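> Below is the sequence, then the predicted model.
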Amino acid sequence: MKPFWVHIQTVGLIEGYPRVAHVASETATSPDYHFAGKDRLGAEYCFVQYTLAGAGRFRDRHGEHVVGPGTGFLCEACDSETAYYYPTGPEGEPWSFVFFNFVGEAARVMVRGLVARHGHVFSLPADHAFIKELLAFQSHDQLTYSLSASEGARMVTDLLTALTDSAEQKVKSGPEHRLIKQANKVLQQSLDRNLNATELARQLGVSREHLSRVF
């Protein structure tokens, strides 16, 4: 995709509402592309960056993550524990991505809550409605595009809702969620007797410690 940059102007700004700042697409080809939250301590915006092709790297307190097509990351620009960059080493495929910057204290609180629960890195299909909406801004390249306060807030809310839904679906499909469902089934079938945690773990084929950790 051809790179683009669109500045968003909010019309009829309402105090406290999240608002969009920029929508843009870019391609990185050099290790010179490197940004760290510790160098942006004064920045008050949040952003999401979604990979279209190639792969970049995102680092947080859990380590380095490969961010390939269909994946991305969400963070506050000033988060000192994060960084993102084009990988060093043998020349690879260019990293193409679209990003979405937004501001507002309410949005920052929502981002912190989402990241605390599910982490920075997420997956969304390329044909997701929100990704399509971002890419449609290419037709406004190098322009200032006006959004009403409600439209901007809706875009931010749609983004966070999409990421939350994606994370929750991933949890539901994981082995820990399946273990919880199996445990609940056994408990429902054992209401007539005093089933302790050790016996429950034995029936499920796991250790008592693992069962306690999952719950």
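Yep, that arrived. Numbers count the residues shown, from 1 in each chain.
> Low-confidence ranges, this protein, go.
By pLDDT under 70, the low-scoring segments of the chain are 89-91, 171-181, 183, 186, 191, 204, 210-211, 213-215.
> just checking, what packs against the top helix by length along the chain?
Ranked by number of residues, the top helix in the chain under DSSP state H is helix 149-172. Where contact means 3 or more C-beta pairs under 8 Å, 6 or more residues apart in numbering; DSSP states H and E, helix 149-172 is packed against strand 4-11, strand 19-28, strand 95-103, helix 105-118, strand 121-123, helix 129-135. C-beta here means a position set from N, CA and C on the backbone, and glycine is covered the same way.
> That one: which residues count as buried?
Neighbour-count burial for helix 149-172 flags 149, 152-153, 155-156, 159-160, 162-164, 166-167 (criterion: 16 or more other C-beta atoms under 10 Å).
> do stretch 31-40 as well
In stretch 31-40, counting by 16+ other C-beta under 10 Å, buried: 37, 40.
> And stretch 74-87, by the same measure?
Buried, per 16+ other C-beta under 10 Å, within stretch 74-87: 74-79, 82-87.
> Any chance of those in CSV with distance to residue 111 as columns?
Formatted as CSV, these follow (distance: C-beta to C-beta, whole Å):
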residue, distance to residue 111
74, 6
75, 7
76, 6
77, 11
78, 12
79, 9
82, 12
83, 17
84, 15
85, 21
86, 24
87, 25
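> In helices, which of these fall?
With DSSP H as the criterion, helices contain none of the buried residues of stretch 74-87.
> if we can go back for a sec, present the buried residues of helix 149-172 as JSON lines; the columns should include distance to residue 34.
Supplementary listing: the buried residues of helix 149-172 in JSON lines, determined by distance: C-beta to C-beta, whole Å:
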{"residue": "149", "distance to residue 34": "35"}
{"residue": "152", "distance to residue 34": "30"}
{"residue": "153", "distance to residue 34": "32"}
{"residue": "155", "distance to residue 34": "28"}
{"residue": "156", "distance to residue 34": "27"}
{"residue": "159", "distance to residue 34": "25"}
{"residue": "160", "distance to residue 34": "27"}
{"residue": "162", "distance to residue 34": "28"}
{"residue": "163", "distance to residue 34": "24"}
{"residue": "164", "distance to residue 34": "29"}
{"residue": "166", "distance to residue 34": "27"}
{"residue": "167", "distance to residue 34": "27"}
